[in-house]
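Next input, structure requested:
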Amino acid sequence: MLRRTLEALSIRALLGCVMGVLALFLLAFATDLAWRGWSRHAEAERVVKMAEAGRELFRAAAATRLERGEAMTALAAPAPDPEGSRIRPRRAEAEAATTAALAGLRGMGLTEKARQLEASLAPVVELRAAVDAALRLPREQRP
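Residues are numbered from 1 along each chain as shown. Here you go, the predicted model:
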């Protein structure tokens, strides 16, 4: 039956069928390539967001370290510094970097990690308040 059908077809019809099948294969191949390209692009965007979030986390850590160093220097100074003139700029930088890091984590969908980071900031806020209070006192009265 298949033989009779093929014998009944002209060369033109057979070539048309072959070309149609080849076009379908080409379409399937192109669709697969497009799908893979889209997947890789989405993965690349995710990697870029991760790198940006990581950069903000490192910036926050560095700014916090600098703030800590300035706080230790100010606490060792003999005169009180109620305005915290050396610490305030570093603290503002650390807070801005931490806020950006939290936004980056949330943007990646890592809300649980953002919550953990926020929870770990509570002792830092308490220490900052203690440092501010200590800076208002003369060096001999500081804890």
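
Could you pull up the contacting residues of residue 17?
The neighbourhood of residue 17, defined by C-beta atoms under 8 Å, 6 or more residues apart in numbering, consists of residue 9. (Each C-beta comes from the backbone N, C-alpha and C, glycine too.)

check which helix or strand covers it.
helix 11-76 (DSSP states H and E).

Give me the residue at the spatial middle of this structure.
Compute the mean C-alpha point of the chain, and by C-alpha atoms, centre = their mean the closest residue is residue 53, 2.4 Å away.

and the worst-scoring helix or strand of the chain on mean pLDDT, what other elements does it pack with?
The weakest-scoring helix or strand in the chain, judged by mean pLDDT, DSSP states H and E, is helix 2-8 (a mean of 75). The helices and strands touching helix 2-8, judged by 3 or more C-beta pairs under 8 Å, 6 or more residues apart in numbering; DSSP states H and E, number zero.

which residues touch that helix?
For helix 2-8, using C-beta under 8 Å, 6+ apart, the contacting residues are residue 14.

Distance from the chain centre to the helix holding residue 17, please.
Counting by C-alpha atoms, centre = their mean, to the nearest Å, helix 11-76 is centred 13 Å from the centre of its parent chain.

what is the mean pLDDT for the helix or strand following it?
As assigned by DSSP H and E, the chain's next helix or strand after helix 11-76 is helix 87-107. Here helix 87-107 scores 89 as its mean pLDDT.

Stretch 42-51 now?
90.

Pull the residues that contact it.
With C-beta under 8 Å, 6+ apart as the test, stretch 42-51 has contacts from 104, 107-108.

and which of those residues is nearest residue 21?
Proximity of the contacts of stretch 42-51 to residue 21 (C-beta to C-beta) peaks at residue 108, which lies at 44.8 Å.
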